[in-house]
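1. Show me the folded form of this:
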Amino acid sequence: MPSTNQVPHLQTALKGPLLTLEKHLLECRTEIESWFRKQFVTTPAPFYASVDLRNAGYKLAPVDTNLFPAGFNNLHPDLRSLAVHAAQTAVTQACPITDGVLIIPENHTRNTFYLENVSALKTILETAGYEVHIGSLIADLEAPMNIELPSGNILTLKPLVRQDDKVGVDGFFPCAVLLNNDLSGGRPKILENLDQTLLPPMELGWANRYKNQHFKHYAQVTKVFAELIDIDPWLITPTSIASGSVNFKERTGLEALANTVNQVLKDTQNYYDTHTISCKPFVIVKSDSGTYGMAIMSVNTAEDILNLNRKQRNKMASVKEGLHVEKMLVQEGVYTFETLAEAVAEPVVYMMGSHVIGGFYRVHTGKTATDNLNSPGMHFEPLSFEESCVMPDETQEPDASPNRFYAYGVIARLALLAAARELAEAREAIAAKNKE
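-> Below you'll find the model as predicted:
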């Protein structure tokens, strides 16, 4: 077991209510683990996922679930064996006969942080016993490209080719094709109608997926879970409402967006008043699709939306790949009262299949407890989640490292289950399309 001195010290305000929740999760862990096991048998988890959490002391909730996680290089090395075991299980479930995995990454050849992630993911799969190659979607790549990384590793990107109904590189056409590309720019034609298993399927890329649908599934999951262990689902569920079409540059749809902001603020304030929570409500307004912390802002009033200046509107108008924002999600703001070296921090939990394999803290010295931390200037602190977040320590207080991390693992897996239901819907859509 990793030693606890490798775990960053946490400073968490407003401990009382959250400690009560954590204690309750610990007391119900047998029922919780049995419930998760049955849920993931019925609805298998995506191949991998990461979940951003916010710990407000009185509330612990996910604010984003990424189905193409890009931070494997930030995981604590002590728990690499957990990732290897989870990878073996996940690949075997997807393609029982495969001996290899083809990874298709983003086209970020200048982003060495991202490429370190691809290298770490490749190493995990190779250690799990698979032959692994990287097939690139870069349009003008005609020969293998070797990239030397800051870690000293060499990552080789090879041109992706298609033969009949399979894609591969250099004669390598395995059953399992692992997407580490969120498809923000759309569905590549070369990946359509393959006789291979795409993990996850393209239907879960940002060309098709919406965050509001994920959080609808999440709210349904937490309603059942809350009844199971007798808690208020609000404690683990952020209010999330789709606001519809908006054009920031032309200032259309802003009034409807402001009305939705006002609705979430009022609902949150009502809950605060009823439960004697003294914090000031805020909301996060973000693109309903996309990632990389783009097109997202924290606001305190509906007027903040109506009074956006040109620079702010331009910043909110586009996401990754330069795509225009068309729909917004308004989400209840969840404070983060965790700090690391006096800087605000939020935990990010990583999973393969239904297994928690570790995580890290996203830390930002220039942000506050109400800000989006996924922005330039952030850094990461590897976090050694004791026993993969599923083995709490009964001899310690609920706030002790293994127990706090157990709570993180529970909430992250609830978000994973919501994503599993998204995946089930996607597979149903694929099956229906194939029948046409």
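
2. going forward, measure contacts and count neighbours with C-alpha atoms only.
-> OK.

3. Any regions of this structure where pLDDT drops low?
-> Along the chain, segments meeting pLDDT under 70 span 1-18, 291-293, 318-324, 383-403, 436.

4. Just the helices from it, written as ranges.
-> 15-27, 29-42, 80-94, 112-127, 211-229, 254-274, 302-306, 310-316, 401-435 (DSSP state H).

5. of those, which approaches His379 most closely?
-> helix 112-127 (10.8 Å; C-alpha to C-alpha).

6. ok so, going back, reformat the helices of the chain as CSV; add mean neighbour count and distance to Asn73.
-> CSV is the format used below for these (neighbours: other C-alpha atoms under 10 Å; distance: least, C-alpha to C-alpha, whole Å):
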stretch, mean neighbour count, distance to Asn73
helix 15-27, 17, 29
helix 29-42, 14, 27
helix 80-94, 20, 10
helix 112-127, 20, 5
helix 211-229, 18, 25
helix 254-274, 18, 36
helix 302-306, 17, 37
helix 310-316, 15, 29
helix 401-435, 21, 19
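
7. Now render the ones you listed as CSV, adding distance to Asp182.
-> Listed next are the helices of the chain as CSV, based on distance: least, C-alpha to C-alpha, whole Å:
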stretch, distance to Asp182
helix 15-27, 33
helix 29-42, 23
helix 80-94, 19
helix 112-127, 13
helix 211-229, 13
helix 254-274, 26
helix 302-306, 28
helix 310-316, 20
helix 401-435, 14
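
8. So which of these is nearest Val330?
-> helix 254-274 (6.3 Å).

9. What is that closest one packed up against?
-> Secondary-structure packing of helix 254-274 (3 or more C-alpha pairs under 8 Å, 6 or more residues apart in numbering; DSSP states H and E): strand 240-245, strand 283-287, helix 302-306, strand 327-332.

10. and the angle from that helix to strand 240-245?
-> Helix 254-274 and strand 240-245 are oriented at 170 degrees to each other (axes from the mean of the first three to the mean of the last three C-alpha atoms, to 10 degrees).

11. Point out the most buried one among the helices and strands packed on helix 254-274.
-> Mean neighbour count (mean count of other C-alpha atoms under 10 Å) peaks for strand 283-287 among these, with a mean of 25.

12. circling back: which one of the helices of the chain lies closest to Pro200?
-> With respect to Pro200, and counting by C-alpha to C-alpha, the nearest of the helices of the chain is helix 401-435 at 8.1 Å.

13. Tell me how many other residues crowd Ala345.
-> Neighbourhood size, Ala345 [other C-alpha atoms under 10 Å]: 31.

14. Surely it touches His364?
-> Yes - counting by C-alpha atoms under 8 Å, His364 is a contact partner of Ala345 at 6.5 Å.

15. Distance to Met202 for the helices and strands packed on helix 254-274 - can I get that in TSV?
-> Output for those, formatted as TSV (distance: least, C-alpha to C-alpha, whole Å):
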stretch	distance to Met202
strand 240-245	23
strand 283-287	19
helix 302-306	33
strand 327-332	20
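
16. Out of those, which gets nearest to Tyr271?
-> With C-alpha to C-alpha, the closest approach to Tyr271 among these belongs to strand 327-332: 11.6 Å.

17. what are the C-alpha coordinates of the closest one, in PDB please?
-> C-alpha atoms of strand 327-332 as PDB (Å, rounded to 0.1, in the frame of the first residue of the first chain):
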ATOM      1  CA  LYS A 327     -25.800  25.800 -26.900                       C
ATOM      2  CA  MET A 328     -25.000  26.500 -23.300                       C
ATOM      3  CA  LEU A 329     -25.300  24.700 -20.000                       C
ATOM      4  CA  VAL A 330     -26.100  26.600 -16.800                       C
ATOM      5  CA  GLN A 331     -24.800  24.700 -13.800                       C
ATOM      6  CA  GLU A 332     -25.100  25.400 -10.100                       C
END
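
18. Point out the other helices and strands that that strand packs with.
-> strand 240-245, helix 254-274, strand 283-287.

19. Tell me the strands beside it, with direction?
-> Strand 327-332 has its sheet partners listed here by DSSP bridges as strand 240-245 (antiparallel), strand 283-287 (antiparallel).

20. Skipping its backbone neighbours, what lies nearest Pro371 in space?
-> Not Pro; residue 371 is Asp. Once flanking residues are discounted, Asp371 sits nearest to Ser298: 6.0 Å by C-alpha to C-alpha, 6 or more residues apart in numbering.
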